[in-house]
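> The sequence and its predicted three-dimensional model are supplied below.
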Amino acid sequence: MKAALVDSHRERLRRIETGEQIVVGLNRYTDSEPSPLLQGADGGILTVDPQVEAQQREAVAQWRASRDQAAVDDALKELARVAEGDENIMAATIAAAHAGATTGEWAQTLRDVFGEFRAPTGVGEAAAAADSDAELAAVRNEVERVSEQLGRTLKILVGKPGLDGHSNGAEQIAVRARDAGMDVVYDGIRLTPSQIAASALQEGVHVVGLSILSGSHRELIPSVMEALRERGVDVPVVVGGIIPEADVEPLKVAGVAAVYTPKDFDITKIMRDVVTLVAEPQRRSFRRVNGAELGARLREGDLSAAPAVLNLVENRKAREEVAALLHATAPAALGGEAPAHIVGVTGPPGAGKSTLLSELVRAWRAGGRSVAVLAVDPSSKRSGGALLGDRARIAFDPHDDGIFIRSTAAGGRLGGLAPATRAAAHALAAAFDIVVIETVGVGQSETEVAEVADTVAVIVQPGSGDVLQFLKSGIMEIPDVLVVTKADLGEIALRARRDLNAAMRSLGGRTKVVAVSSIAPPSGIEDLIAALDEHRDQLDLRKARTAARRASALADFAAEHGERGVRELGGRRAAADFPGGEARMKGWAVDLVIMLGAFVAGTLLALLFGAINTGTALAFGQIAFGIAGMYVIVRR
């Protein structure tokens, strides 16, 4: 339903932009007398006196100071216990209120038990704009040009700070940015300044767009700007919303690059302005990144290097520095294989990968393990842009430095991974305890994650099919652990688990099948973590990682030279030994035998047919050797 609403509103905006739908005061009859509602210093927006807020804060502080804190703690513990079970929480809630607990403490207690609901954004399912839009096509060309200068696709973060539930504008900006060819990070509504700043840093965005329709821009925008500065994020910030003209200049003084109001209804023009901002020469000047230094920081366990590492490996113009980074985090530099557990999480769309991953991340962090998540989303075939929304479903504390989340676009590559995923996983494994690769929603052939991960978990939802359907799916050949999500569905989940076990027995495998539920309170998460760890403990890590590095080198080679280049190495099976050189050496050995055989055959035939002397026969043999050599060269 949410996706349908986003798509419907997009069509409405298209009609307004083209003039098919007339909106008085917006795209027709725009001349008017000044509105008395907008007169005055407040611009028509009701604001709360800061003293009122200060008084309320003081009242809460006094309330907490005068209550029995031990009684409050006991009441909140009882509330948490009841919430984790099947009892009605009303009695425990009333008891907490009588003890003096505040609404915020009550809500946080329930949030700790149930997690925080993140509503679907609906933007990921929106269809791409038609190619017939000439203006959008021109902006798309500009995005491609600037992206080439940057070395990676222009990336924008669309953020909704504060308690603002009006998401239509932000959703349309996100979809249009995708249609313009940008990679778009959109986490939905009701974000704190700290969450926005953390996303901007970890995602390596080139520009931040903020949408505020609640009238709280005077307070929230400076807070976001400060949070970005504290994180060291120096990118242009663009703001849109219901903002009085009198507030535009103060926002620009605070550091905002551009401000848009409802009269700026042409979203394609806004996209053009954003591209121009990012393309400004002063924006493109940056210090050269040293791959060896970043690698050294990872070896020392410096998790704060992760954003810069991802910015580097995604940069198509920094191949030498990427090579230096990977050399600095290779087993030779580490004194052995990287200690991290590289986990691949894959499965069909809608199976619950991101929701399950959120629970896994929470459990791993509770156990003291640092986690890096590399989430891959599909790119639009029409525009080349991508809507990166996986992090919106992963709950995490923006102040927790032990978790890193990066969303990447698959681009034009098949197989389920992004171009930089392999290098990123190998590098981050030197510093993090867990490196998770979440692939795009896959079908039957997107199985590259098995070439990178130590352990692959394939996510299956109940009702996906019977044993035969599972046997037909090529992805069923790669799992080390099979996960049935939505175990709370009961019989249908049990049937899926039985079918998967039967399918695995038919394939002769011993893959463990684990049933989990991400619905609060979650179940099966600890069993899944135990199954993942058990597989890792039984793995010949050196052999598996060596194969992964060779597969990564081959994938990069194929991306640059195509299948013809792979055939030059003797085909994919022979090239599996590359870069060890065994396949190439075997190929040359065969060619040498062919050439020597031609020499011997030519010499013997000359002698048989009456060559004047041995020298003449040898000359014929040399000619045969040369012809065979030419054949080998042409064939190669």
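Yep, that arrived. Residues are numbered from 1 along each chain as shown.
> Name the nearest residue to the one residue sitting closest to the centre of the chain, sequence neighbours excluded.
Taking Cα atoms, centre = their mean, the centroid of the chain lies closest to Ser407, which sits 1.9 Å from it. Using Cβ to Cβ, 6 or more residues apart in numbering and skipping the chain neighbours, the partner closest in space to Ser407 is Leu388 (3.5 Å). For the C-beta atoms, the positions are set from N, CA and C on the backbone; glycine is no exception.
> Quick one: neighbours of the one you found, just the number.
Look at Leu388: counted by other Cβ atoms under 10 Å, it has 27 neighbours.
> show me the contacts for it.
Contact analysis of Leu388 by Cβ atoms under 8 Å, 6 or more residues apart in numbering lists 183-186, 203, 375, 377, 407-409.
> same deal with Leu76?
Contacts of Leu76 (Cβ under 8 Å, 6+ apart): 96, 101, 105-106, 109.
> ok, and what's touching the helix or strand where Ile94 lies?
Ile94 belongs to helix 90-99 when assigned by DSSP states H and E. With contacts defined as Cβ under 8 Å, 6+ apart, helix 90-99 is touched by 67-68, 71-72, 74-76, 78-79, 81-83, 105-106, 109.
> Going by neighbour count, which residues of it are buried?
Buried positions in helix 90-99, judged by neighbour count with 16 or more other Cβ atoms under 10 Å: 92-93, 95-96, 99.
> and if you look at stretch 349-367?
351-365.
> now stretch 538-557, how far from the chain's geometric center?
How far stretch 538-557 lies from its chain's middle: 22 Å, per Cα atoms, centre = their mean, to the nearest Å.
> nope, stretch 254-274 is what I was after
26 Å.
> And stretch 203-221, by the same measure?
21 Å.
> I'd like the next helix or strand past the helix or strand of the chain with the lowest mean pLDDT.
Lowest by mean pLDDT, DSSP states H and E among the helices and strands of the chain is helix 467-472, with a mean of 50. Under the assignment DSSP H and E, the closest C-terminal helix or strand after helix 467-472 is strand 481-484.
> Helices of the stretch 51-200 of the chain, residue ranges please.
Ranges of helices in the stretch 51-200 of the chain, per DSSP state H, counting those that start in this stretch, are 69-84, 90-99, 103-114, 134-150, 168-179, 193-203.
> closest one to Ile243 among those?
The minimum distance between Ile243 and those falls on helix 168-179, with 12.0 Å, by Cβ to Cβ.
> buried residues in that closest one?
Buried-residue list, helix 168-179, by 16+ other Cβ under 10 Å: 169-179.
> ditto for stretch 12-27
By neighbour count on 16+ other Cβ under 10 Å, the buried set for stretch 12-27 is 13, 16-17, 27.
> between those, which is nearest Leu210?
Leu13 (19.4 Å).
> Grab the nearest non-local neighbour of Thr346.
Thr439 (4.2 Å).
> residues contacting the one you found?
By Cβ under 8 Å, 6+ apart, the neighbours of Thr439 are 344-346, 376, 416-417, 446, 448-449.
> Farthest-apart pair in the residues you listed, please.
Longest span within the contacts of Thr439, Cβ to Cβ: Val345 and Glu448, 13.4 Å.
> how would you label the nearest residue to Ile519 once chain neighbours are set aside: helix, strand or coil?
Once flanking residues are discounted, Ile519 sits nearest to Asp488: 5.2 Å by Cβ to Cβ, 6+ apart. Using DSSP: H, G, I helix; E, B strand; the rest coil, the structure places Asp488 in helix.
> now the stretch 251-400 of the chain, which segments are flagged as low pLDDT?
Across the stretch 251-400 of the chain, the ranges flagged by pLDDT under 70 are 281-287.
> repeat that with 50
Applying pLDDT under 50 to the stretch 251-400 of the chain flags the ranges 285.
> returning to what we had before: tell me what angle the helix holding Ile94 forms with helix 103-114.
For helix 90-99 against helix 103-114, the angle by axes from the mean of the first three to the mean of the last three Cα atoms, to 10 degrees is 150 degrees.
> can you give me the angle helix 90-99 makes with helix 69-84?
Using the same axes, to 10 degrees: helix 90-99 against helix 69-84 is 170 degrees.
> Could you report the neighbour count for Asp266?
By other Cβ under 10 Å, neighbour count at Asp266 equals 15.
> make that Gly335, sorry
7.
> give the contact list for it.
Neighbours of Gly335 in contact, by Cβ under 8 Å, 6+ apart: none.
> tell me the strands in this protein, going along the chain?
For the chain, the strands defined by DSSP state E cover 155-159, 183-186, 207-212, 237-241, 258-260, 341-346, 371-377, 386-388, 403-409, 434-438, 455-460, 481-484, 512-515.
> pLDDT score for the closest residue to Trp106 other than its chain neighbours?
In space, and not counting its chain neighbours, Trp106 is closest to Ala96: 5.8 Å by Cβ to Cβ, 6+ apart. pLDDT, Ala96: 97.
> In the protein, where is pLDDT below threshold?
For the chain (pLDDT under 50), the answer is 285, 444, 467-468, 579-586.
> ok, what's across the strand from the nearest residue to Leu532 once chain neighbours are set aside?
Nearest residue to Leu532, sequence neighbours excluded (Cβ to Cβ, 6+ apart): Thr455, at 5.3 Å. Beta-bridge partners recorded for Thr455 (DSSP bridges): Val343.
> which residues sit in contact with Thr455?
Per Cβ under 8 Å, 6+ apart, neighbours of Thr455: 341-344, 480-481, 532, 535-536, 539.
> Would you write a PyMOL line that selects the buried entries of the residues you listed?
Listed next is the PyMOL selection for buried residues among those, using 16+ other Cβ under 10 Å:
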select buried, resi 341+342+343+344+480+481+532+535+536
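> What is the neighbour count of Pro479?
What Pro479 shows, counting by other Cβ under 10 Å, is a neighbour count of 26.
> no no, Leu46
Leu46 has 6 nearby residues by other Cβ under 10 Å.
> repeat for Ile519
Counted with other Cβ under 10 Å, residues neighbouring Ile519 total 17.
> list the contacts for Gly115?
Contacts of Gly115 by Cβ under 8 Å, 6+ apart are 358-359, 362, 395, 520.
> how close does it sit to Arg393?
Between Gly115 and Arg393 the distance is 10 Å, computed by Cβ to Cβ, to the nearest Å.
> Find residues that contact each of those two.
Ser358.
> returning to what we had before: what are the bridge partners for the residue nearest to Ser407, then?
Going by DSSP bridges, Leu388 is paired in beta bridges with Val185.
> unless I'm mixing things up, Pro479 is touching Ile459, no?
No. Checked against Cβ atoms under 8 Å, the pair Pro479 and Ile459 is beyond contact range at 9.3 Å.
> looking at it, Thr109 is touching Ala80, isn't it?
Yes. Counting by Cβ under 8 Å, Thr109 touches Ala80, with 5.3 Å between them.
> which of these two has more neighbours?
Neighbours per residue, other Cβ under 10 Å: of Thr109 and Ala80, the larger number sits with Thr109, 22 against 15.
> Contacts only, for the more buried one.
76, 79-80, 83, 96.
> ok, so of those residues, who is nearest Ala296?
Nearest to Ala296 among those, counting by Cβ to Cβ, is Ala80 at 43.7 Å.
> Roughly how far does that closest one sit from Asp397?
Distance from Ala80 to Asp397, counting by Cβ to Cβ: 18 Å.
> mind listing what Glu320 touches?
So Glu320 contacts Gly291 (Cβ under 8 Å, 6+ apart).
> ok, back up a step: need the buried residues of helix 90-99 in a markdown table (columns: distance to Leu277).
Formatted as a markdown table, the buried residues of helix 90-99 follow (distance: Cβ to Cβ, whole Å):
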| residue | distance to Leu277 |
| --- | --- |
| Ala92 | 52 |
| Thr93 | 49 |
| Ala95 | 54 |
| Ala96 | 49 |
| Ala99 | 53 |
